[in-house]
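1. Sequence plus the predicted model coming up.
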Amino acid sequence: MGTPHLEAKKGDIAESVLLPGDPLRAKHIAETFLEDAVCYNQVRGMLGYTGLYKGKRVSIQGTGMGIPSISIYVNELIAEYGVRKLMRIGTCGSIQENVNMRDVVLAMSASTDSSINKIRFGGLDYAPTADFELLHTAWSVAKKKNISVKAGPVLTSDTFYGDDPDWWRLWADFGIMTVEMETAGLYTLAAKYKVQALALLTVSDSILTGEVSTTEERQKTFNDMIEIALESA
Ligand SMILES: O=P(O)(O)O[C@H]1O[C@H](CO)[C@@H](O)[C@H]1O
Ligand SMILES: O=c1cc[nH]c(=O)[nH]1
């Protein structure tokens, strides 16, 4: 039973899964927000939990960082465990003046500097896009809860530490709001398998101002994003 990266049995994982990059964020969310949470995965320390949120079954699975890592978990969750709704809950860096620390951004689309889709589509471009129904639901949940959210295009980058300090300016000129490292991979696989996906991102640092969050804040204090994702699930 299980897969190379998940030791869960069939049925251990809910149809709706929240996907933080950091496995300790998965643990914190399961312990803080879910009832009767059970840990179903410890392989490679990539913790996964299933529990109840307001009576509905939901799972939280760490993905690790970058498209290659999230792609392993997303492939296995969908193909082997029947997951149908995937919501990335991640952190990102702002590259726009009107996108501030702690803002929540719903990623409508994910441009990328990764070559993964160039390889897949023989050199042609593919536009990884959020599921509209999930996006609409998350937007409505946020409005109902009076949580301020922004929706727009993000960049999924293969690098956290680039060589050119001005690398982000061209993307910013073309409207990209924030930068992170997984969403393009998630949206592409969701399209391939015909399931729903959305990335909700909290701004953890600003590439414009140099502001940063602490490690503890990254693990624990992004409750607005988590509540929107759990309610949408
Ligand atoms: O907070 P997570 O979900 O890991 O997301 C962001 O943080 C990591 C980089 O520090 C990358 O995975 C990036 O996408
Ligand atoms: O990938 C990421 C995540 C947070 N902040 C960044 O600048 N990049």
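-> Structure received. The shown structure was predicted, so the numbers you read here are calculated from the model rather than taken from an experiment. Ligands and ions are numbered 1, 2, ... in the order given.

2. Next, count neighbours for the residue of the chain found nearest ligand 1.
-> The nearest approach of the chain to ligand 1 comes at Gly21, 2.0 Å away (CB to the nearest ligand atom). For the C-beta atoms, the positions are set from N, CA and C on the backbone; glycine is no exception. By other CB atoms under 10 Å, 21 other residues sit near Gly21.

3. do Arg88 as well
-> 26.

4. Surely it and Gln61 touch.
-> No. Using CB atoms under 8 Å, Arg88 is not in contact with Gln61, being 10.4 Å away.

5. Point out the residues in the chain that sit beside ligand 1.
-> Applying CB under 6 Å from any ligand atom, we find that the chain lies next to ligand 1 at Pro20, Gly21, Asp22, Met65, Gly90, Thr91, Phe160, Glu180, Met181, Glu182.

6. Mind checking which of these land in strands?
-> Gly90, Thr91, Glu180 (DSSP state E).

7. Now render these as a markdown table, adding distance to ligand 2.
-> Shown next, in a markdown table, are these (distance: CB to the nearest ligand atom, whole Å):
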| residue | distance to ligand 2 |
| --- | --- |
| Gly90 | 7 |
| Thr91 | 5 |
| Glu180 | 4 |
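
8. buried ones in the host helix or strand of Ala197?
-> Using DSSP states H and E, Ala197 maps to strand 196-206. For strand 196-206, the neighbour count (16 or more other CB atoms under 10 Å) marks Gln196, Ala197, Leu198, Ala199, Leu200, Leu201, Thr202, Val203, Ser204, Asp205, Ser206 as buried.

9. I'd assumed Gly185 was in contact with the fourth one.
-> It stands for Ala199. No. The pair Ala199 / Gly185 is not scored as a contact, 10.3 Å apart, by CB under 8 Å.

10. secondary structure class for the spatially most central residue of the chain?
-> Of all residues in the chain, the one closest to the mean position by CA atoms, centre = their mean is Arg88, 2.1 Å from it. Secondary structure assignment for Arg88 (DSSP: H, G, I helix; E, B strand; the rest coil): strand.

11. quick one: pLDDT of the residue lying closest to it once chain neighbours are set aside?
-> Excluding the flanking residues, the one nearest Arg88 by CB to CB, 6 or more residues apart in numbering is Ala199, at 4.0 Å. On pLDDT, Ala199 comes in at 98.

12. Contacts only, for Ala199.
-> By CB atoms under 8 Å, 6 or more residues apart in numbering, the residues touching Ala199 are 87-88, 90, 106-107, 110, 130, 154, 180, 182-183, 186-187.

13. any idea how far it is from ligand 2?
-> Per CB to the nearest ligand atom, to the nearest Å, Ala199 is found 12 Å from ligand 2.

14. Perfect, that will be all.
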